[in-house]
Every structure is written in C-alpha cells, then in structure tokens.
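>>> Could you look at this predicted model? Sequence included:
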Amino acid sequence: MRRSEQTRAEDTLLRDTSRRFLEDTYAWDEGRLRRADRAAHWRSAAELGWFALGLPERLGGLEGDGNQLLSILEEAGRVLHDAPLLANVLLAPKALSAMNEAVAIPLAEKLAAGEIRFAYVPDGSLHLSRSTMRLEGKGSLALGAAEATHWLVAVGSRSADGASLLLLPASDAVRRADSRLIDGRSASTLYFEDLAIPDDAVLARGETAFRLLEELNDRAVIGACAEAFGALEGGLELTVDYVKQRTQFGAPLSSFQAVQHKMAESFCEIEQMRSLLLWGAVALEGSPDERAQAASALKVFLGREGLTAASRCIQVSGGIGLTEDYRIGHVYKRLQTVSALFGSTEAHIARLGDLFIPSTQHET
Amino acid sequence: MRRSEQTRAEDTLLRDTSRRFLEDTYAWDEGRLRRADRAAHWRSAAELGWFALGLPERLGGLEGDGNQLLSILEEAGRVLHDAPLLANVLLAPKALSAMNEAVAIPLAEKLAAGEIRFAYVPDGSLHLSRSTMRLEGKGSLALGAAEATHWLVAVGSRSADGASLLLLPASDAVRRADSRLIDGRSASTLYFEDLAIPDDAVLARGETAFRLLEELNDRAVIGACAEAFGALEGGLELTVDYVKQRTQFGAPLSSFQAVQHKMAESFCEIEQMRSLLLWGAVALEGSPDERAQAASALKVFLGREGLTAASRCIQVSGGIGLTEDYRIGHVYKRLQTVSALFGSTEAHIARLGDLFIPSTQHET
Amino acid sequence: MDAFFTADEIAFRDEVRAFIRENLPTDLAQKTRDGIHLAREDMARWNTILDKRGWAVHHWPTEYGGPGWTPIQRFIFEAECASGDAPPLSVFGLYLVGPTIYTFGSSEQRARYLPGIRSGETFWCQGYSEPDAGSDLAAVRTTARKVEGGWIIDGSKAWTSEGHFADLMICLARTNPNVKPQAGLSLFIVDMKDKGISLQPVITIDSGHSVNTTFMDNVFVPDDGLIGEVDKGWTYAKFLLSHERTNNAQVHRSRREFTRLKDLAAALPGSGGGRLIDEPAMCRRFTLVEANLVSLEITVLRVLADQTEGREPGPEASIVKIIGSELQQRITELAMEVLGEEGIKAEHEGDSLLAQEAQGWTERHLFRRVVTIYAGSNEIQKTIIARSVLGM
Amino acid sequence: MDAFFTADEIAFRDEVRAFIRENLPTDLAQKTRDGIHLAREDMARWNTILDKRGWAVHHWPTEYGGPGWTPIQRFIFEAECASGDAPPLSVFGLYLVGPTIYTFGSSEQRARYLPGIRSGETFWCQGYSEPDAGSDLAAVRTTARKVEGGWIIDGSKAWTSEGHFADLMICLARTNPNVKPQAGLSLFIVDMKDKGISLQPVITIDSGHSVNTTFMDNVFVPDDGLIGEVDKGWTYAKFLLSHERTNNAQVHRSRREFTRLKDLAAALPGSGGGRLIDEPAMCRRFTLVEANLVSLEITVLRVLADQTEGREPGPEASIVKIIGSELQQRITELAMEVLGEEGIKAEHEGDSLLAQEAQGWTERHLFRRVVTIYAGSNEIQKTIIARSVLGM
C-alpha cells in the first residue's frame, strides 16, 4: 500500500523508464502527431511491460499494483499521450481476469505483446435482449475504438437486471462514427443495430456483470483522471517556468504577488488531486463502495478544481496560452475532455451524494 | 426613474440629512447601544419624515419613490442601525395603502408622527380558520416585534387559498419568544395559540392577500438588503482606510498586490449589488414578476457575493477584524443576519429558478 | 428588467426589433449562430444594410453619420442586434479607428477613411500589442523613422485580429527613443497591402484562425498617414480605451448566448426523463448565472445612463470588463456541462440539435479563455481599481 | 478511506475507540459538543485520564513520556478523540512548549516543566504575536534586559489565547536591538502570576472570551527562565512552527463537526417534507464539502506517512494549513444555511435539536473567521508556496 507520492520512488525503475521512453518518443512538439509511428510506439510500450503489468500471474502478467498502473498513465498524461493506453493498461487486464482462463490466456498473451488492442465502450443506451440475444442501441464515446481489435462493451449498466459485459471483435459491420476530440485523441460512437451476439461473447451477466461494469467504469474514471493529473502537473511546471522568464512592466511575471498566489492556488488544487489519486490507487483493490467514492471524488475534483487550476495556468501565461502551438491549452483541453467522459461532473456529484449521504430508505 | 447611483444626488437633501442625523446620533462606537435614547431617536426620525415618506398623499404622506426609501435604509445600514426601521419605512406604508381609508388615515398619521410602531411578522406555520376565525401556529423571526404597537401578520402565504394579511395590536396575550440577533437587533418569534381574530383585523384575504403578502415579503427582502448593502459599503471604506495605515513586513498592507486585488474583488461585488439594488428600487413599483426577480436576485447575491465581500474585509484586516470592538465583524454579522431572514439563500435561489426558468407546465 | 427603461426607449426597442426582423437575411443569422469567426463579406453585408438605414455607426456623432442616439438607445440597439443573431460589426473600424480619426485625425483623414468604415467596405485591424509587450503597451518596440515625405516602420505586432483580411492597420510605433517609454509613441495608418508587410497566422486553441502576427519590414507610410501629432500616440490610444469602457463587457453577446443555452438545455432530455434544464443542479447553475448576467446588464446601464444624462460615469465603469469577462467564461463553462460528450468533439456530425449547437459552443468555450486576458488582463484591471478607485 | 490503513492500524483504532468509550466522562463529552471555549478544569480532567493510560503526550518521544506511536497512529488517536467528543487538549503546552523545552531546554527545565504539561496540571500560553507585529514576528518589540540573576521583560503581547487561566507563558522578546530583526530575539518562560503582568480580555466576534492582550511591565525572569541560548529565539520558534505543519489543518475537528452537521441536516425536515439533507441543493453542497474533506484527510495522511516511514514530507505539507482552514470555514458556512433563522440568534431557547445545536455552530462560524488569518495568514502561506516550493 502506497500512502505517499514519495513511496512511488520505490517504483523508480518503472516510472523512470516510462518517463524517459515517453519523453524520447512523445515529447510535446507541434509536429509530434504527424511524426510518431504509432504502431512502433505501441510495440515498444508492450516491450516495457505496460500491458502485462495489470494482468495476474496466472495469465502470464506482472501483477502490478494500482500505483504502478496509474504511474504509467500519469506519465503518459504528462506528455499528452494520445493513444488509447487506458483501456489496455487498466481495463482489459481486469476484464480478462474475470474470464474463463482457457479463453483469457491466449488473449492476455497477445495483449501483453501488443498484438491486439482493446477499446472500452461505455454504456449509452445499449440493450441486449435475453431471448433473442440481439444488441441494440448506442455506446457512449469509446476512446480508440477505431484502432482496436476488440471491444469491451458495457450493456445495460443501470441495473443488475439488464447488465452484461460483452467482448466483441471489432467489426466494420457495426456502424461507427469516429470523432477527433478536442484534446487530439480519437474516439467513436458505436451504433449497434440488431446485432446478433454469440453466447461466448458474454463475459458476465446480471449481478456479476453489474458489479464488473461498475468496476470497469470506476477504473476508467480513475485512469483517465491519472492521465489528466499528469497533464496538469506538467502544465503547472511549464507555467511556473514561463512566468519566471516572461517580463512585463519591467519585472518577471513571477515576481507579481497576484501571479504567485494564483500559482500557489493551482498547486494546492493539484496536490489535493494527487491525494485523491493515491486514494484511487489503493481503492482500485478496495471495497466497491470505497472505489466508487474515490472515483467519483476524483472526477468531481478534476471537473471543478482541476479545470480551474488549468485555466489559471492559461491566465497567467497571457496571450501565448491561447495559441495552439503552445502546450498549456492542450493541457486544458485534456482536462476538459476527461471531465466530459465516463459521466459528467454533475452526474458524479449526484453519485457521490448517494454514496456519502445514503437516503433514509437505503439506511433501513 | 433612477438608473444610476449618481441620480441619487438629486435627493441630496434627504440623503445628506439622513446621513448627518445618523452619524451624529448613531455613529459606530462600542458604548452606542447603551447610550442611545431609542425613543427620542425614533421621534427625530419621524420629524425627518422617514415614516411619512412611503405613504401616499391621500394618507397624508410624502409619496417618496423606491430610491428615496431605500436610501434611508441604506444610510441606516451604514451606521449599523439596530432599530426596526424596515417595517415602518417600507412595509407599513404599503399595507396602510391597501386598507380602507377611514381606518388607514388615523394610523398613517400616528405612524408618520412616530407614535405607533409596526412590526412585520413573516409567515412561519400560520393558519387562520375561515370558519372559526382562530389563528394558530408560529411566525418567522419578526424584527422589533417586542417594541411594536402593531403587528402586520402574514398568514398562509404559500397559497392564495389560505392567505390573509392581518393587522393586530401588539398584545402580551400572545406568547412571544424574544431573541437578540447576532447583529445586535431584537427579533421575536410569535406563537399564536387559538387566538380569536376579529373581522376588521383582516386587511386582505385570498388572491388579494396572496399578492399583497408576496409584495410585502419582497419589500422586506429589498429593504433588508439595502440596509446590508449600506453596512457593506461602509465596511469596505473602513477596511481600505485601515490597510492603508497598517504596516506589515515594512510596508503598508495596501501596497501588497494580494490585498489590493482582494479589495478590488470586493468592490466588484459591492458595485454589482448596488446595481441590483437600483433594480430593486424601480422594481418596487414594477410588475410582480419583476419585483420578485429583483428581490430574490438581491437576496441570493447578498448571501453569496455579499458575504464573501464582507469576509474578505475581515481577512485583510487581520486580527483586529476578529474583535468585537471593531466594526467590520458587525458588518459581517449584519450580512449574515439578513441572509437568514425572509427566506434562506437556497430558498431564494430556488424561487429565482422558478421565475427565470419557467417549467414546461407553467409555459403551456 | 423593463422597469429600467422609459416608454420612449421601449418604443425605440420595438422599432429596432422590427427592422432587424425585416432586414436581416436569414442566412446571415444562421452563420452568426454557427460559428464565432465570421468572414469579412458576411460582416460587410450586414454593415451595408445598417448603413442604408443610417444605423451603421450608431455611436458616432451625427456630423460623421451617426444617428444621434443616446447611450441607452445604443445599448438597446446592440441588444436587439445580438438577440436577433445579427453578425457582429467589425470592432476595430467602428469602435476604435473611427473615433480615433474623428477625434484626432485631420479633416482629410476624416474624409478619406470614415466613409469606408461606415459603409463596411474598408476593414481595419489594430497594431498596438507586440510579442514582447503583452499588456504593457509602453514597451512597444516597433519603430517609425522619419524619411523624406513620410515614415519607415519596422517591427512586429502580436494578436492582429482579422489582420488577414484587413485593408488598413492603426499602428502604434516608437518615433522617439530618447524619452520616457510612453512619451515617444505615435499613431499611424498603415496600408496592409504594403510589400513590407507579412502575416503569420496564429492558430488559437479553438483551432481557428482569426489572429496573426504581423511583421513590418521597411514599410512606408506617407506623411498624411500620421494621426494627430508626432509622439502623442500614447495619449490617443489611452483616450480611446478609456472611452469605450462598456464594450468589453460584451453584455449583449452574453445575453444572447445565455438565452440560446437555456433554450438548448430546455430542449435536451435530462437523466430523469424530464428536461435537462429542470435537473436541480443544472437549474441552480443557470439561475446563478442569470442573476450575475442581470447585475452586469444593470451595471452597464448605470454607466450608459450617466452618459445619457450628461454625467461622468462613476467607478462602476471600471468593473464591467472584469465582471463581463468572467461571466462570458461561466456561460461557456456551463455550456460544456450541458453539451456533455458532444462538447469535446472537435467536429460534429449529424443534424441533431445537440450536434448543430455544439460546434459553436466548443469553439467559443476555448477561444473565450482570452477575454480575461485581453484588453488589459483582469489582474491589471484589479490593480487599476485598487489604485485609482480605492486609492490604495 | 479504510483502504489507506494497515490491519495493525485498524486494530489500534479499535483499541483507542474502546478506551474512549469506556473512559471519557459523558458530561465532558457533552460540554465539548456544546461550546467552543472550554474551561481549564475540563481540559485538565481529560488530560489526567489520558495521562494515566500514558497517552497524554502522544506525539512526544518515549523518553519524555510519549507512547512511541507513529505519526499515523497519532492521526488515528486524534481522529478517535475528536469523533468521540473528547475535549481538545491544551494546544500550547502539548504541541508548542513541550517540544520546545525537550528540544532546546536544559535538563533542569525538562524536569521542572514537562511533567506538569503531561499531567495537565500546568497550563501555558503563547507570547509570540504583538499588537503591531501581527503575522510579522520579526517585528517583535517586547524587550528583555539583562539584570543581576535574570532578565527584565517589558512590552505587550497580542492574541494571548487562554492567557487568563494560564500559569506560564512562553515569550519571545528582543534581547539585542543592534542586529537584524530576526537575530536579536530570545525565548523565555514567564510566570503569569508575576505582579508585572496584567491582562486585558479581548472579546471576539462570537462574543466569547478566549483571547487577551498581555501587558508586561518590569517582569522579572530568572536566568533559568531563558530557553536555550540568548538571541536564538527566532530559530527555536521557527523550528517548532515548521515541525507542526499538519496541526493547523484541524482535520479531525472538521471531520467531527461535519459528521455532526450531516446528522443535524438528516434530522431536520426540508421544505418539501423529506429530510433537509435530501434537498438537492443541500445534498450537493454537503457532497462537495465531503469531497474536499476526504482530500484534506489524505493529504494530511501523506505527510504523516512520510514521517512514519522516515522520509521528509514533500511539498504537500505546505498546503494543509490553507486547505484545512478554508474547509473549516466552508463547513460552518454550510451550517449557517442548515440552521436558517436559528443560526442568527445570539442565544437559543428551548430544547429542540435545532436550538441545542445552534449555539455551538453560531459561535464557531463567527470565531472561525480567524483560521485563515492566524498561524501565518493564508496569503502568507501562498507566498511561501510560490517562493519555496515553486521557486518563484
């Protein structure tokens, strides 16, 4: 159990290797997106063990803990990584662990080797008929669905009755609306129109599926917040460096108390978010209630204090902060993006309210 | 119609006389409350025409407009006046205007002369039985009820069905729980226990009463906010003067950018509140909807931005701001008090929501 | 807020409203609704329509073609234009250059430049800020060197909005390096077609192109391109900025956009089956923004009422930039919550109401981070309030 | 937040909880719930009970009577004391004076003063701030003049909390006026019964008396009343302040009070007939405060985990005063909304739940305006973060 940012130093090798690798191959630069050889990059990530880390030993994995997994996503966030790491580092390993081993082992092997890619398709209005086994409806935005080989599809996540978790091979037969997001990532909306689902595509049903879907979505939230946190932390460093250099009215911006206090306020918000992230990391393996609380608290904090911290960085940077070539605007867009994915800020406030303040009915 | 603070200069005589009178007789000073001869002060206020100002000519009044009436309350707020001016300057004249002239004229005369005093008893859980004419339930906090000769009692204000406005002579037969409020004013909770109400005590019933109760309560809100605004404006001036004199770390506090910006932020909030107060003044004579909007917007602003502005004044004042002998804490307490009277901040947010965002049902 | 207006003013509002309804082409209204960076020809079309009615330069004195309205009438006119989805007029020519020229320019300059602004034929851009100067105009480094028959200008300007389609620039340049920074500046009219001018587009975080960096290399400006007296440019620039204090509040745009956002949230379903806007948290947020918007409107009206009634505006004039810009950001932040996942897409497909509305809101949300920075950052505004108004 | 603790720590928590349940007198718990300024004898009673169990000076080294707990165990202990409504221990003796004396004092001073603090028999107050010094300790003007066998102290001290019932004061005085302001200060132990000492009560805005101004006129302190070396007082005072960084967060008190406020809002009716806490706006506000409270708790735990595991705490230690104090104010502000009209009464009659709870909340709400001011105002904390942590 890690209770302090500093204990992550124990994972020095993992974090340092990740950071070096990302800074070498993915450092911020306007031409980056055009240059990066995404396929080669993915294979290198696999070689670093990123996709095996979350898998249990019995599936040939490295059985890393929550802090290790999140540290990869955090480092990826720092360089504003735009490939769909989240589903493959944090979600697919969990889903595979829940599967029949005979099926899971070969998939885990390929995941670890970077040969297949998963995308997580959050529930939108999906409904699977138990009698006809036909899938209808649309998913919510699925990061990296267009490049994935397999889709993890959350169906009927609102109640145990209709819940199921599906693993489908990516298929052009499914209508897919691809979007570029404002933070540069790709995501798709999948429309399932009376699609026949074979029995063996159903990883879980009913109560089991319901709990698994909650877990996957909480993991998605916590992981996405780790990426956003990394971006924000890097953004603050960038901004502090900038205001030290930038001169206005004959003095460095960093010498103005208003600028100092704004940066100190962002620092306070970022450190609180780091605290929630440490909680999220241990909560990944905690009780469902605690995990849900940590996930929603993180999401709410990101959508409020996190965005405020990022917008303050733009504010003190002045004009350059508004330009597409400069990194800080992309940090803001990354946070804005994460804030809209996997449930809005207000939706997570409402959920957190249900968790923190149980209603009378639940109590009795 | 006054659309700018500056047009109030047209009421120079009234405002200047009021301010001079209040500063002479009621200026802030720890011993003030013990010293002030409250009865003599009230008679002087009557001589200045404060209670005649809101009465129509036909009741022997001066027919002053909303801005004039509010300017008296604002000036009273500046010196943290603690006598129940609100009901007598702004509410009673309105209630008398709605009465049968034969009854109203002698009352108006005595009000104007300072011989009788009204208190406004906002509805709490009051219910008047139409058949038995018995009054049951308790009122909300009524400022100055213990010193009043007449009570204006709002009954059943939640619906037109049960609404009535009563004018009752103050009576020791009614159980009264007197409280000192944190801002130094006195208020009472009245408990009516099966009290027989004579027909002629009912100023209005049903729809008419419902509309009148709304109007009285909006007037109470707007007037109380005017008092609080005066207090806050005086508090900012006091604080700005203080930070110019107070030295820390070798420089006046006013030279620190953090202090400057905090005061500028409070100034922004105060000026916005002044804008809403100008709206409130014209809305006193506007449509019921506009009056309700102005009243609730003012109340919400006071309970949020107003309190924030006042707490910033304490903050930059440092330790002295925490002492009972210094004025700024009393400004804060005045705002806190007004913010809890005549409906809470959240209740006014909800009401404003109904007014600004009509629901589908209301629209059709 | 009707209680705030006189009967005459309400009649005037009805007249303006009727004119817009009858004369604003529907395609222009649609374009205005769709995006934030309008094309030059679209702005020009509407300018021409207004000019025919005598309303294009509604805040100019009558001798230069203004309609002779009071500041409150101008407020009403602008509010109606915004709520009717009329394209914004090009801000530099109308609000900045025109007043500069009729106040400080020669009669030749007035005759030559004002008609083009009025008709919408000429587009102007502003050359005040520089890459190293930001909010600190006194640090301007662009130089103007006197030569036979005119001046040679060298330097660069930052944040040249609409520079890529402007005909002329009003440019602040240093004419005297040997005096205090503020004292040695002059104001010039620069032809954007001069071969010494090159523009580099600046893509902003909304991925749009409305801003440029302008490089001036040996640009010749004839003697009659100098506005007013040499070395007085700082005074002229400051005069203008201080006389257009309510403009930056963008109160009409905010009202229009907020109304649209309310309509959108009333049309979208909430999670509980009802309207999105009726969800308690959403309703509360809309309500709080509305309260702030009303207080901004009245604050602006206070300033304009003072002007209308012949008084110098009071200190409230100094807050409208701050509160107006913060409100603009709150509105688009609320929009992002309303839009949900649709708001984070860079492009929007389909003809759903949500998809149609999203493009504009997403662009606005990102681009509007600028409003608390430009025209004197809000931090600078607060320092000004503390010093000038509160005497700290 | 159980996931954050080890099994051993959870077992420890159960032990502490059981001890408090069995040993805390119910009348003490009730008094703690009722007001914010406790009497000396109430604090002393609880101190004695803890001392018998060896838990009174839970953060002192074992050689001075501490139980040898890790910082995390101390966190758990304090959390349990707070949630069990145990009276707060006198903060000056335990947290400030004790560590100062065992770190910098002589062995005679240790033997003479530490037992009284441990047992709760001796009460201390702090004499650092002065009327003209506020947050600026280097501006201390109180002087200590060397005389035969001791020192003569003259001057005044501001904000002497609990000074009216303290036995001793730890006092910062200027011993050398000829060096830099910070360099010439020394730390003394002053007997509050000295005839040269007079106190003037300072009534705070909650109308309570817990604070005084202390005047020292020719107060004699014998040589053995000097702590450590002469002119090193500043170093000692700073050392202590920097080693108790998580104290000011008041996380346990906030958790306890927030829980109580939640219970109150769950017991009160809302306007719609249900519970007040279930009204959407109320529920949302409670939820947001809870999220901030959890993040504060974890932030404090990070600092303590570092200490427990032998590391210097990271920069997060510098934020706990700011976020902890802001949260305390948010909680009491929420309380005022929950209490409604009852919250603005100076006294409360009747035995309704609301009236019973209101007194404490109203006092707390007003008095807590101090927490963003004292112990280095939040503005000073932000400047420290900017300079020391961010290197600005």
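Now that the structure is in, tell me what you want to look at. Given the structure is predicted, the values throughout are model-derived calculations rather than measurements. Numbering: from 1, shown residues only, chains lettered A, B, ... in the order given.
>>> which phi and psi does residue 175 have?
Assuming you mean chain A. Torsion angles at A:R175 (phi, psi; degrees, to the nearest 10) stand at phi -70, psi 130.
>>> let's do chain C instead
For C:T175, the backbone dihedrals (degrees, to the nearest 10) come out as phi -110, psi -10.
>>> If I look at C:G35, what pLDDT would I see?
If you check C:G35, the pLDDT there is 69.
>>> Can you show me the strands along chain A?
A:118-121, A:127-128, A:134-138, A:142-143, A:150-155, A:164-169, A:175-180, A:186-196, A:202-205, A:247-248, A:251-252 (DSSP state E).
>>> Give me the sheet partners of the longest one and which way each runs.
Read that as strand A:186-196. strand A:134-138 (antiparallel), strand A:142-143 (antiparallel), strand A:175-180 (antiparallel) (DSSP bridges).
>>> In the stretch 101-250 of chain C, which residue sits nearest chain A?
With C-beta to the nearest C-beta, the shortest gap between the stretch 101-250 of chain C and chain A falls at C:I205, namely 3.5 Å. Heads up, the C-betas are built off the backbone N, CA and C, glycines and all.
>>> and that residue, how many neighbours?
24 (other C-beta atoms under 10 Å in any protein chain shown).
>>> and what of C:D51?
Quick note: C:D51 (other C-beta under 10 Å) scores 18 neighbours.
>>> and it, backbone torsions?
Main-chain dihedrals, C:D51, degrees, to the nearest 10: phi -60, psi -40.
>>> ok, the residue of the stretch 201-350 of chain A found nearest chain B - contacts?
Proximity of the stretch 201-350 of chain A to chain B (C-beta to the nearest C-beta) peaks at A:Q257, 3.8 Å away. Counting by C-beta atoms under 8 Å, 6 or more residues apart in numbering or on different chains, A:Q257 makes contact with B:F256, B:Q257, B:A258, D:T383.
>>> Mind checking which of these land in helices?
Secondary structure from DSSP state H places B:Q257, B:A258, D:T383 of the contacts of A:Q257 in helices.
>>> which one of those residues is nearest chain C?
Of the ones in helices among the contacts of A:Q257, the one sitting nearest to chain C (C-beta to the nearest C-beta) turns out to be B:Q257, at 6.9 Å.
>>> Reformat the contacts of A:Q257 as TSV; add pLDDT.
Output for the contacts of A:Q257, formatted as TSV (pLDDT from 0 to 100):
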residue	pLDDT
B:F256	97
B:Q257	97
B:A258	97
D:T383	95
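>>> Could you export the residues you listed to JSON lines, including columns for distance to D:L296?
Shown next, in JSON lines, are these (distance: C-beta to C-beta, whole Å):
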{"residue": "B:F256", "distance to D:L296": "27"}
{"residue": "B:Q257", "distance to D:L296": "28"}
{"residue": "B:A258", "distance to D:L296": "23"}
{"residue": "D:T383", "distance to D:L296": "21"}
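>>> Report the two of those residues separated the most.
B:Q257 and D:T383 (10.5 Å; C-beta to C-beta).
>>> Out of the contacts of A:Q257, the closest to B:L70 would be?
With C-beta to C-beta as the yardstick, the closest approach to B:L70 among the contacts of A:Q257 comes from B:A258, at 33.9 Å.
>>> Could you check how far that closest one is from B:G235?
In this structure, B:A258 and B:G235 are 19 Å apart, going by C-beta to C-beta, to the nearest Å.
>>> So between the two, which is more surrounded?
Taking neighbours as other C-beta under 10 Å, B:A258 and B:G235 compare with B:G235 leading, 30 against 20.
>>> these two touch, right, the more buried one and B:V331?
Yes: counting by C-beta atoms under 8 Å, B:G235 does reach B:V331; the two are 3.6 Å apart.
>>> intersection of neighbour lists for those two?
Both B:G235 and B:V331 are in contact with B:A310, B:C313, where contact means C-beta under 8 Å, 6+ apart.
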